[in-house]
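Visitor: Requesting a structural model of the entry that follows:
(one chain, ligands or ions: 2)
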Amino acid sequence: MVMMGAPGGGAFAGPSATQSSASAGLPFAGVPSEMEQGASRILANEPQHPEPVLSFRRIAERTTRLTLRSLFENRLGAALWGLVLLAIETVTALLGPVLTQQGIDNGVMQSNRDALYFAVFLFALVIIINALTSFWRQRWNGRLGEDIMYDVRVELFSHYQRMGLDWYTSEKSGVLLSRMTSDVEALTLLVNEGFVNLVIQGLTVSVVTVVLFSYNPVLALLLLGLVLPPLVVMTLWFRSVSERGYASVRDKIASVLADLSENLSGVRVIAALNRRRQNAELHRNVVGKYLDANLYTARAGAIYGPATEGIGIAAQAIVLLVGGWMVLDGSLQVGELAAFVLFVNTFFAPIQQMVQLYNTYQQGQSGLHKISQILSTQPSVPENPDALPLPAIEGRIRFDSVHFQYNEGPEILTNLNLEIQPGETFAFVGPTGAGKSTIAKLISRFYDPIRGKVLIDEHDLKAVTLDSLRTQLGVVPQEPFLFHGTIRDNVAFARPDATDEEVLVAIKHVGLEETVGGLAEGIHTLVHERGVSLSAGERQLIALARAFLSRPRVLVLDEATSSLDLHSEAKVERVLDGLLEGRTAILIAHRLATAMKADRIAVVDAGGIIELGSHQELMDLGGRYSEMFATWSSHSDDSLDQLSD
Ligand SMILES: Nc1ncnc2c1ncn2[C@@H]1O[C@H](COP(=O)(O)OP(=O)(O)O)[C@@H](O)[C@H]1O
Ligand SMILES: [Mg+2]
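Guide: Ligands and ions are numbered 1, 2, ... in the order given. Predicted coordinates for the structure are as follows:
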């Protein structure tokens, strides 16, 4: 467990038992004692971060690909018992025509009432056994299938959670959704129904073939000769058509989901830019293509179904005719003829169904293939197998000759060298696209540098576990995301065990108590998924309260105040002072008012840091920063003027 009760050592040596080293020689040695006591009090109240409940280890160690076989292997015993039940069910279902034949030939034709009653009695018994095993089998196999699919869903979701952020920019969220929905559905269908049907139909065809040949090989051969060739031709045709059809159906449903999810997340922008009509039209096209794809497969099915049924009926008629002659010749018994006619359908339906099953199999396999492909992608920031937990940190951050680029893109950072001291408030400023957010992402290890190292307290980020790193880091992003749940849930997101009092303190600290107090249910008020019922500024404040509550050693604010109005920003500025006290803070500042207060400011541009120093030093330097400051202050004077108008 990562001890967050106190930093690994240093100036804030408090009463906590986790203290290790003395304060001498560390950057904050020299702090007045009353301040040190105050800081120690704060640190004593720092939360202990519990171990996460879900471990990604098991999944990380998956060495075999996910295949149909591997799905069942974990539950081999249950699967085998399911097979036994299936076999009993199928065979008892096939005994009907055989008992009919017995009743006719041994009972009716011989005028033997006892034999007739016996056949009927057996028939009834068989039906009861069949019904009971059928009930048991359906429950048993249903359960088995659901259990297997449960594993797949959980594994897939956990995999989504552990993937690197770059993956989410390369994979459309709609596609990821469709893996979780339609692909999992297709696989479920295969696992739950496909295999069962395959066994039933396969068993049926074999048993019926044996029974028919034992009655009369000539008629049986005739039946096979009539049924098989046209059926095989039709089937091959249907297979190729439906393969093509289903591939396109799956493609199209993924596009539908992708378009849908994009439109749902971007609904505000769409409404604001008055694109509703166009987007509805675009979606109509996407859905239309899905419709076409479905109609295509439905048409193929509509041809195949009746055609094969026709073959079946013709076969029945011919069997009746030829079998009738044989009965008149005396080479076939009446009951056997009846059994033959009854069995034509029992023989025929399974073959037809097995072809339909082929589709289920195709879809299930392709779903499985896509799921397994996703599961076998490695996260781009993998956890080193011998990664150690990062001990409680002081918060010294060092970039050592860091080079970085996204995928195959241009180099964003070139040979970045920088050291941020523990407890320092450090601001990055610079033009949009300069790489400020990228620097922040490297500190949280959302990405790894291409070359060079990022170190915290001289621990290479690649050598420590992600959990232990991220529990000690707090990030307030530019666009905070609120989850479905109450305000309390959202504020306590990183520390669900926080008490209501702690949550209230955090809310008060960011100046939201009036807003929250005005709500009927206070902190227990539900906020929507994207926080639509709160303004952008309020959401930002909630995100700050989140950070305040989890008290990370290193806090990264990525333009966290840029969506606030001047009034709220002033409020947040005051909040920040308290929030940043005693911790390393990285401020990516859009407005220079925020940056000004930092201990040091770095101007980022052209792949690196072009100026570095305190506000005063950079102003004296008369370089880029002072230029930016001049522009900014004249601009913000204007806006203040406008406000007062
Ligand atoms: N996920 C990404 N994939 C590819 N390029 C990216 C990604 N994120 C940012 N970039 C590019 O990297 C550059 C730096 O981006 P960023 O660090 O976000 O800039 P800043 O925060 O300074 O505005 C930009 O040119 C941007 O287009
Ligand atoms: Mg940015």
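Visitor: Give the buried residues for stretch 258-274.
Guide: Using 16 or more other CB atoms under 10 Å as the test for burial, stretch 258-274 gives 258-263, 270. For glycine as for every other residue, the C-beta is placed from the backbone atoms N, C-alpha and C.
Visitor: Any chance of the residues you listed in JSON lines with secondary structure as columns?
Guide: Formatted as JSON lines, those follow (DSSP: H, G, I helix; E, B strand; the rest coil):
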{"residue": "258", "secondary structure": "helix"}
{"residue": "259", "secondary structure": "helix"}
{"residue": "260", "secondary structure": "helix"}
{"residue": "261", "secondary structure": "helix"}
{"residue": "262", "secondary structure": "helix"}
{"residue": "263", "secondary structure": "helix"}
{"residue": "270", "secondary structure": "helix"}
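Visitor: wait, which of those residues is closest to ligand 1?
Guide: Nearest to ligand 1 among the buried residues of stretch 258-274, counting by CB to the nearest ligand atom, is residue 262 at 16.8 Å.
Visitor: how about the nearest residue to that closest one, chain neighbours excluded?
Guide: Among residues not flanking residue 262 along the chain, residue 174 sits closest, at 6.5 Å (CB to CB, 6 or more residues apart in numbering).
Visitor: hang on, the earlier thing: and which of the buried residues of stretch 258-274 is nearest residue 610?
Guide: In terms of CB to CB, no member of the buried residues of stretch 258-274 lies closer to residue 610 than residue 262, at 37.2 Å.
Visitor: just to revisit the earlier point, what packs against the host helix or strand of the residue nearest to residue 262?
Guide: Secondary structure from DSSP states H and E places residue 174 in helix 173-178. The helices and strands touching helix 173-178, judged by 3 or more CB pairs under 8 Å, 6 or more residues apart in numbering; DSSP states H and E, are helix 217-265.
Visitor: now the helix it packs on, how far from the centre of its chain.
Guide: Counting by CA atoms, centre = their mean, to the nearest Å, helix 217-265 is centred 29 Å from the centre of its parent chain.
Visitor: just checking, what packs against the very next helix or strand once past the helix holding residue 174?
Guide: Where DSSP H and E defines the elements, the next helix or strand beyond helix 173-178 is helix 184-189. Identification of packing neighbours for helix 184-189 by 3+ CB pairs under 8 Å, 6+ apart yields helix 113-162, helix 334-376.
Visitor: I'd like the ones you listed laid out as JSON lines, including mean pLDDT, mean neighbour count and distance to ligand 1.
Guide: Output for the helices and strands packed on helix 184-189, formatted as JSON lines (pLDDT from 0 to 100; neighbours: other CB atoms under 10 Å; distance: least, CB to the nearest ligand atom, whole Å):
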{"stretch": "helix 113-162", "mean pLDDT": "91", "mean neighbour count": "16", "distance to ligand 1": "17"}
{"stretch": "helix 334-376", "mean pLDDT": "83", "mean neighbour count": "20", "distance to ligand 1": "19"}
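Visitor: Now render these as a markdown table, adding distance to residue 523.
Guide: Formatted as a markdown table, the helices and strands packed on helix 184-189 follow (distance: least, CB to CB, whole Å):
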| stretch | distance to residue 523 |
| --- | --- |
| helix 113-162 | 27 |
| helix 334-376 | 38 |
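Visitor: Flag every residue of the stretch 401-550 of the chain that's near ligand 1.
Guide: 406, 409, 412, 430, 432-438 (CB under 6 Å from any ligand atom).
Visitor: And residue 570, how close does it get to residue 577?
Guide: Distance, residue 570 to residue 577, by CB to CB, to the nearest Å: 12 Å.
Visitor: neighbour-wise, which of those two wins?
Guide: Just comparing residue 570 and residue 577: by other CB atoms under 10 Å the higher neighbour count belongs to residue 570, 14 against 10.
Visitor: any idea how far residue 576 is from that one?
Guide: Using CB to CB, residue 570 is found at 11 Å from residue 576.
Visitor: Do a quick rundown of the strands in the chain.
Guide: 397-405, 411-420, 425-429, 451-456, 459-460, 473-476, 485-486, 526-527, 554-558, 584-588, 600-605, 608-613 (DSSP state E).
Visitor: will you turn those strands into a markdown table that also has mean pLDDT?
Guide: As requested, the strands of the chain are exported to a markdown table (pLDDT from 0 to 100):
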| stretch | mean pLDDT |
| --- | --- |
| strand 397-405 | 95 |
| strand 411-420 | 94 |
| strand 425-429 | 93 |
| strand 451-456 | 94 |
| strand 459-460 | 94 |
| strand 473-476 | 88 |
| strand 485-486 | 86 |
| strand 526-527 | 84 |
| strand 554-558 | 90 |
| strand 584-588 | 92 |
| strand 600-605 | 94 |
| strand 608-613 | 93 |
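Visitor: Next, format the ones you listed as TSV and append mean neighbour count.
Guide: Listed next are the strands of the chain as TSV, based on neighbours: other CB atoms under 10 Å:
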stretch	mean neighbour count
strand 397-405	19
strand 411-420	18
strand 425-429	24
strand 451-456	19
strand 459-460	16
strand 473-476	23
strand 485-486	16
strand 526-527	18
strand 554-558	25
strand 584-588	25
strand 600-605	22
strand 608-613	18
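Visitor: closest to residue 231 out of those?
Guide: Closest among the strands of the chain, once you apply CB to CB, is strand 485-486, at 56.5 Å.
Visitor: picking that back up, between all of the residues of the stretch 401-550 of the chain next to ligand 1, which two are separated the most?
Guide: Greatest spacing in those, by CB to CB: 409 and 430 (18.3 Å).
Visitor: hmm, back to that, what does the helix holding residue 174 contact?
Guide: Residues from elsewhere that reach helix 173-178, judged by CB atoms under 8 Å, 6 or more residues apart in numbering: 160, 253-255, 257-262, 265, 374.
Visitor: same thing but 7 Å
Guide: Under the contact criterion CB atoms under 7 Å, 6 or more residues apart in numbering, helix 173-178 has outside partners 160, 253-254, 257-262.
Visitor: Please apply the same query to stretch 519-526.
Guide: 485-488, 500, 503-504, 507, 516.
Visitor: still on that earlier bit, any idea how far residue 272 is from the residue nearest to residue 262?
Guide: Distance from residue 174 to residue 272, counting by CB to CB: 22 Å.
Visitor: repeat for residue 201
Guide: Taken as CB to CB, the span from residue 201 to residue 272 is 56 Å.
Visitor: Residue 475 too?
Guide: Computed as CB to CB, the residue 475 to residue 272 distance reads 27 Å.
Visitor: rewinding a little: can I get the residues of the stretch 401-550 of the chain next to ligand 1 in CSV including distance to residue 566?
Guide: Putting these into CSV (distance: CB to CB, whole Å) gives the following:
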residue, distance to residue 566
406, 34
409, 36
412, 32
430, 22
432, 21
433, 25
434, 25
435, 28
436, 22
437, 23
438, 28
